[in-house]
Structure formats: structure tokens, C-alpha cells
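Trainee: Okay, here's the prediction I keep looking at, along with the sequence it came from:
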Amino acid sequence: MEEKTSDLAKETAKNPAAAGASRLSARQERLIKRTRTRMGQEAGEIRQRLTTEETERLAPFLAVLEAFPKDVLSGGDSPGTPKKTVFSLCVQVPGELFHAAGLSLKRLACGSFAAKDAAPGHLPALSCPMVKSLTGLLGLGRDSGPLNLVVPTTCDWVVKFAALSGLDQTANLHFMELPHLREGEGACNRWLGEIKALKTWLEAITGQAISRKALLASVKIFNRAATLFDTLCTLRRAQAVPGIDFFLIMNAFSLMDLEAWVQGVKVYVESAHPCNGLKISIFLSGSPVAFPNDKMIRLIENAGMAVTGDDICTLERGFPGAAAFRDPSEYSLLHALADRHHKACACPTFADNRRRLDRLVADVRNSGMRGVIFHVLKGCHPFDMEAGLVEQHLGKAGIRVLKIETDYVVSDEQNIITRLEAFSRSLG
């Protein structure tokens with residue numbers, strides 16, 4: 001290549017939020033065009049690996065995922081879009097509040113290798129690849145007003161993302177201070193206060209109050225969707241849902257209006273059927289797996305195993321489950337949402353995380369999975385720190401674990417597949 005995509009990082013290092021096209025040099029414009037082309041090719045490669053039947057069944061999810069870069073660069077409010085869009089980082093943000101406010105919630109997660117290569121040069125060398133990818137995507141040139149962005153204070157990369165990307169200068173930001181202890185009453189009350197503050201912020205965006213009636217209706221809609229999600233997961237356990245299908249469906253969940261997602265999943269579930277010849281069933285844990293980076297799912301399946309369960313925030317943990325409320329009062333509804341996104345969350349950034357480890361053991365044992373693959377993205381410090389604890393805890397329970405550390409690159413695929421094949425043989 002005459003001009004490497006990484007050169008774009010050097011060109012835009014002084015402007016992480018991306019300046020308007022009028023301030024870009026001809027060289028920058030060429031590099032941006034090249035990066036956009038590569039991103040389109042990444043999505044196209046996933047389509048090429050699907051059969052015609054699979055492409056048809058997954059069509060609504062593929063369409064949303066492929067449109068994600070354009071949605072981000074347009075602020076989410078594309079012409080013809082009836083709802084105003086609010087973006088968020090992490091899964092601690094309750095979708096019911098946005099639904100009740102008439103807003104579209106889209107969670108920022110990007111697995112594009114091309115966008116990561118285009119990230120600005122001021123980011124640390126060992127940065128979270130997903131943060132690098134998102135920052136590189138924003139550097140392709142936004143053509144809209146300021147983003148509305150919710151930032152729960154989970155890991156350090158998420159906390160610093162707005163500053164690293166330049167959004168702290170341009171976006172309408174709302175930070176949610178996540179208590180990193182879950183069991184104490186004080187922490188629970190503080191998080192409930194954050195949920196109430198989020199409600200007030202959303203009301204300021206729309207100019208209308210979120211009524212108790214609208215919130216109750218949204219909670220019930222999400223709870224019904226949770227039942228459908230459970231059906232999807234049950235089919236997955238039986239290997240009737242291939243790993244790539246679940247990857248696409250759940251990555252799309254974070255970007256789609258709930259009603260459209262539910263309709264797409266209903267159609268998918270009706271046509272689901274068991275695979276011919278069951279593979280070794282394993283549990284996937286660790287760092288996020290974001291579209292179009294299907295590397296881990298693809299390599300695991302190529303090694304003769306099937307991912308039939310996980311606790312990853314872009315996959316199964318992306319749907320938080322039903323909210324259990326005691327009565328239909330606003331306080332009870334908000335309290336239920338706060339509890340579900342705090343006490344029930346399995347994020348490794350919490351200090352009191354023994355419950356996460358115990359649940360991991362229970363999930364593997366109860367489902368009959370043969371082992372655990374712990375996926376760590378280089379620079380993803382919370383999961384890297386937790387990897388040793390997971391290996392110790394599962395080892396005491398007699399569960400085999402394989403830790404795979406990787407990055408947004410293709411150069412390590414042969415080494416990973418070799419290790420996965422050896423792990424598969426040890427389980428067989």
C-alpha cells in the first residue's frame with residue numbers, strides 16, 4: 001500500500017474528534033476514504049461466510065450493524081429517523097428509560113481493525129482496542145451536531161473515552177458514577193440516585209417528563225422481550241443457534257429499537273433447527289466481542305467447539321434480563337432497574353466480585369459445558385487482572401480453562417487456532 005491506514009493516526013493526532021472536511025488535506029481525505037473502504041470490506045467478509053439462507057434469516061441484524069459507522073458519524077439522527085438518538089458506553093444504562101422517553105438508545109462498541117489502525121497517535125500504545133477503534137471511527141469525520149452520550153464510570157478506558165476522543169469538547173455528556181461495591185445499602189442508594197439523575201437528563205433532551213405510565217409500559221415490554229431472549233439462549237445451548245448468528249443478533253440488539261429486534265428474533269427462532277453433529281460445548285468469558293470482529297467466535301468453531309454460553313457484555317450479558325418490581329409506583333420501577341443494572345451485573349470492575357465467579361462455575365456445570373475460554377483483549381486491564389482469579393476459581397471446581405490474549409489483528413490467528421485445537425482435544 002502506498003499510504004498505510006496508520007498514517008491517518010499521525011495526520012489526525014492533533015485533532016482526535018476529527019475536523020470538518022474543509023480542514024482536511026487531500027492526503028487525509030484519501031486515507032479516510034481508504035479506511036471507510038476497509039471497514040466496508042470487513043463487514044462484507046462476514047456476509048461472505050454466511051449461506052444465502054443464513055443471510056436472509058439475519059438480514060435485519062446485518063443491516064443495522066453495517067449501518068453503524070454511518071449512524072455514529074451522523075449522530076444517529078439520520079434523515080427519516082423518527083426518534084432522537086442517545087449513545088451510551090457499557091451496559092449499565094437501563095434501556096427502559098430511553099424507551100419510555102421516546103428515545104433510541106445505541107451502545108457504542110466497535111470491532112473494526114481498520115478503524116483501530118486509524119486511531120489518533122496520542123492514545124497510549126497499549127490502549128483498549130475497542131476504545132482505539134471507536135476513536136478511529138470518530139476520526140473519519142462527523143457531519144452532524146453534538147452526540148448525546150451517557151458514560152457509566154466502569155473501567156478507566158470508558159471513563160477517559162470522551163477526553164481521548166475529543167468528545168468532551170463537542171458532545172452532550174452525562175456521566176453516571178457507578179459504585180464499585182454492590183452489596184452495601186449505601187452503594188445501592190447512590191446508584192438509584194444516578195438512575196434518577198439519568199431520567200432527569202433524558203427529560204431535558206426531549207423536553208417532556210417520563211410518566212410513570214410510560215415507564216411501566218416500557219418495563220413490561222422489555223420483560224416480555226426477556227422471555228424471548230431466554231428462548232434464544234435455550235436454543236443456543238442446544239446448538240440450534242450458531243455462534244456467528246448469536247454474535248450478530250446480540251451486537252444488533254445494542255443498536256436496534258426493541259420492537260424491531262423482537263420481531264427479527266421471533267422470525268429467527270421460528271426457523272431455528274439443531275445442527276448436524278454436535279460440537280464440544282464451551283463457555284466464553286472475558287473481553288467484549290464487537291462487530292465486525294468475529295475472530296474468536298469463528299476460530300473457536302473452526303477448532304471443533306461451539307460457544308453455547310457466555311458472560312460477555314456484547315453478547316448474553318448485553319440483555320440484562322427482566323426487571324422485578326414490587327408495585328407499579330415510579331419509585332419501585334426505578335429501584336428495580338437500578339438493582340438489575342448494579343447488583344446483578346457481572347462486570348469485572350466491581351471490587352466484590354465473588355458472586356461473578358460463583359455464577360460462572362454454576363453456569364458451566366448446570367449447562368453441561370466442557371470448559372471455559374477466557375478471552376482478553378490486549379489493553380483490557382479489568383479482564384486481564386481477573387484472568388488469574390478465574391483460572392484459580394474454576395480450577396478448584398475442576399473446570400478446564402484456556403486464556404487467549406489477542407488484539408485487533410489477523411497475524412495471531414494461526415497461533416490461536418493451534419491452541420484452541422489442542423484445548424478441544426484435551427476436552428474430547
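Mentor: It's in.

Trainee: where does the protein have low pLDDT?
Mentor: 1-24, 76-82, 142-144 (pLDDT under 70).

Trainee: which is the next helix or strand following the helix or strand where residue 72 lies?
Mentor: Counting by DSSP states H and E, the element that carries residue 72 is helix 59-73. Once helix 59-73 ends, the next helix or strand along the chain (criterion: DSSP H and E) is strand 85-88.

Trainee: Can I get the following helix or strand past that following strand as PDB, trimmed to CA atoms?
Mentor: The element immediately downstream of strand 85-88 (helix or strand, assigned by DSSP H and E) is helix 95-101. Extracted in PDB, the C-alpha atoms of helix 95-101 (Å, rounded to 0.1, in the frame of the first residue of the first chain):
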ATOM      1  CA  GLY A  95     -33.000   0.800  28.100                       C
ATOM      2  CA  GLU A  96     -36.400   1.100  29.600                       C
ATOM      3  CA  LEU A  97     -35.900   4.700  30.500                       C
ATOM      4  CA  PHE A  98     -34.900   5.600  26.900                       C
ATOM      5  CA  HIS A  99     -37.800   3.600  25.500                       C
ATOM      6  CA  ALA A 100     -40.300   5.400  27.800                       C
ATOM      7  CA  ALA A 101     -38.800   8.800  26.800                       C
END
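
Trainee: by contact count, what packs against helix 95-101?
Mentor: Packed against helix 95-101 by the contact rule (3 or more CB pairs under 8 Å, 6 or more residues apart in numbering; DSSP states H and E) you find strand 104-107, helix 185-206, helix 212-237. In this view, the C-beta of every residue, glycine as well, is placed from N, C-alpha and C.

Trainee: As TSV, the ones you listed with distance to residue 371 and mean neighbour count would be great.
Mentor: Formatted as TSV, the helices and strands packed on helix 95-101 follow (distance: least, CB to CB, whole Å; neighbours: other CB atoms under 10 Å):
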stretch	distance to residue 371	mean neighbour count
strand 104-107	29	22
helix 185-206	34	16
helix 212-237	15	17
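
Trainee: With distance to residue 114 added, can I get the ones you listed in a markdown table?
Mentor: A markdown table is the format used below for the helices and strands packed on helix 95-101 (distance: least, CB to CB, whole Å):
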| stretch | distance to residue 114 |
| --- | --- |
| strand 104-107 | 20 |
| helix 185-206 | 32 |
| helix 212-237 | 30 |
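
Trainee: elements contacting the helix holding residue 72?
Mentor: Looks like helix 59-73 contacts helix 26-48, helix 129-138, helix 243-253, helix 258-270 (3+ CB pairs under 8 Å, 6+ apart).

Trainee: Of all those helices, which one is nearest residue 372?
Mentor: Closest to residue 372 of the helices and strands packed on helix 59-73, according to CB to CB: helix 243-253, at 15.0 Å.

Trainee: Residue 402 in helix, strand or coil?
Mentor: strand (DSSP: H, G, I helix; E, B strand; the rest coil).

Trainee: Quick check: closest non-adjacent residue to it.
Mentor: residue 423 (4.5 Å; CB to CB, 6 or more residues apart in numbering).

Trainee: buried sites along the helix or strand harbouring the one you found?
Mentor: Residue 423 belongs to helix 413-427 when assigned by DSSP H and E. Using 16 or more other CB atoms under 10 Å as the test for burial, helix 413-427 gives 416, 420, 423, 424.

Trainee: Export these as TSV, with columns for distance to residue 26.
Mentor: Formatted as TSV, the buried residues of helix 413-427 follow (distance: CB to CB, whole Å):
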residue	distance to residue 26
416	39
420	44
423	49
424	50
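
Trainee: Nearest to residue 399 among the residues you listed?
Mentor: The closest of the buried residues of helix 413-427, once distances to residue 399 are taken by CB to CB, is residue 423, at 12.6 Å.
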